[in-house]
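1. Sharing a sequence plus its predicted fold:
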Amino acid sequence: MSRSREYFRPIPLPQGGRWRLAGGQIGFSALERLRRGQRPEIVTQAPAEVIEALTLARQPVLGMALDRPVLMGIVNATPDSFSDGGSYEPLAQARSLIAAGADILDIGGESTRPGADEVPEQEEIDRIRPVIRALADRIGISVDTRKATVARAALADGAAMVNDVSGFDFDAALATVVAASGVPVCLMHAQGLPATMQDDPRYDDVLLDIYDALEARIARAEAAGIGRPRIVIDPGIGFGKSLAHNLTILRRISLYHGLGCPILLGVSRKRFIGTVGGAERPADRVPGSLALTLAAVAQGVQIHRVHDVAEIAQGLRLWQAVNKNDEAET
């Protein structure tokens, strides 16, 4: 990595602004210029290719336009998820999330919580298959898996997107499956495997290290035949990151718009919310999850992976109403 390389983070504005961030509702007129080992600088100009990447309207994902926040409801078909493992019947939960207003469902059959062990492929397929087959004609479904075999089966059953928490690090064959299928893919950043990823994670500069890692993952996907308009990125909150790392990413998450892809954020009910907010039980972390979701929306993040669709949707409606710029109203 070059220590002289420059990175540009748009400084979001709730209203107005010289440019539109990723073609959405959030504007910006200034940027932070970031360089390793140096203090950020506020600038009002950036190279043309940077401005193009920051302002280019993102393509819809599973039919969802990305000029407004999109809610991806979480369906854990697992007995050991950190938040709700084994606490509900997956198909009933999926239907409940649709009724609550989910735009997309993300269905997973293998927990990737800290300390989790790998699940055999056929068991993972068997866990997710009933939900996908029952609901694929009602809503866009993303399959949350690291494995090519599982993704292939899920796509055959009706899933229309792949969400890989390893960013193609775990199973290189998954890139080939995605390329051949033509579906969108979310590439997440994670440091290490779930079983050990929270064992003292370290970075030189967490914000920029993740930018470089995601950039490399995008390049690898493109080399495999996956066009950039089909790629979504996720900085991987909680995956090989400390509390301080998570907060650093969230404070400046708009940096990742510079990669030219939609951003997906998964913070819902995570442990650091409980640590900061004083909520031991995951189910009590909904207010903190909403606070972080709104902060991310204010930085132009487009897709929000959440457990509590109804509560987050309500918060978004109020946030949008307050920030609506309607000069005709008095």
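-> Done, it's in. Quick caveat, the model's predicted, so the values are computed rather than measured. Numbering: from 1, shown residues only.
2. For the residue lying closest to residue 26 once chain neighbours are set aside, grab the count of nearby residues.
-> Leaving aside its sequence neighbours, residue 26 sits nearest to residue 300 (CB to CB, 6 or more residues apart in numbering; 4.3 Å). C-beta: built from backbone N, CA, C; applies to glycine. As a burial measure, residue 300 scores 27 neighbours (other CB atoms under 10 Å).
3. Assess the claim that residue 300 and residue 257 are in contact.
-> Yes. Counting by CB atoms under 8 Å, residue 257 is a contact partner of residue 300 at 6.1 Å.
4. which residues are in contact with both of these two?
-> Counting by CB atoms under 8 Å, 6 or more residues apart in numbering, the shared contacts of residue 300 and residue 257 are 10, 21-22, 263.
5. Compile those into JSON lines and extend it with columns for neighbour count.
-> Compiled in JSON lines, those are given as follows (neighbours: other CB atoms under 10 Å):
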{"residue": "10", "neighbour count": "27"}
{"residue": "21", "neighbour count": "22"}
{"residue": "22", "neighbour count": "25"}
{"residue": "263", "neighbour count": "26"}
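6. Narrow those to those in strands?
-> Assignment to strands by DSSP state E places the following of those there: residue 10.
7. In CSV: the shared contacts of residue 300 and residue 257, plus pLDDT.
-> Rendered in CSV, the data for those read as follows (pLDDT from 0 to 100):
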residue, pLDDT
10, 98
21, 97
22, 97
263, 98
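8. Quick check: bridge partners of the residue nearest the centre of the chain?
-> Centroid-nearest residue in the chain, with CA atoms, centre = their mean: residue 264, separated by 2.2 Å. Bridge pairing for residue 264 (DSSP bridges) gives the partners residue 303.
9. Renumber starting at 880 from here on
-> Understood, numbering begins at 880; the last thing we discussed is residue 1143.
10. I'd assumed residue 1063 was in contact with it.
-> No. With contact taken as CB under 8 Å, residue 1143 and residue 1063 are classed as non-touching, separated by 10.5 Å.
11. Quick check: neighbours shared by the two?
-> Common neighbours of residue 1143 and residue 1063 are listed as residue 1111 (criterion: CB under 8 Å, 6+ apart).
12. ranges for the strands of the protein?
-> Counting by DSSP E, the strands of the chain are 886-892, 898-899, 906-913, 920-922, 949-955, 983-987, 1019-1023, 1040-1043, 1064-1067, 1110-1113, 1143-1144, 1182-1185.
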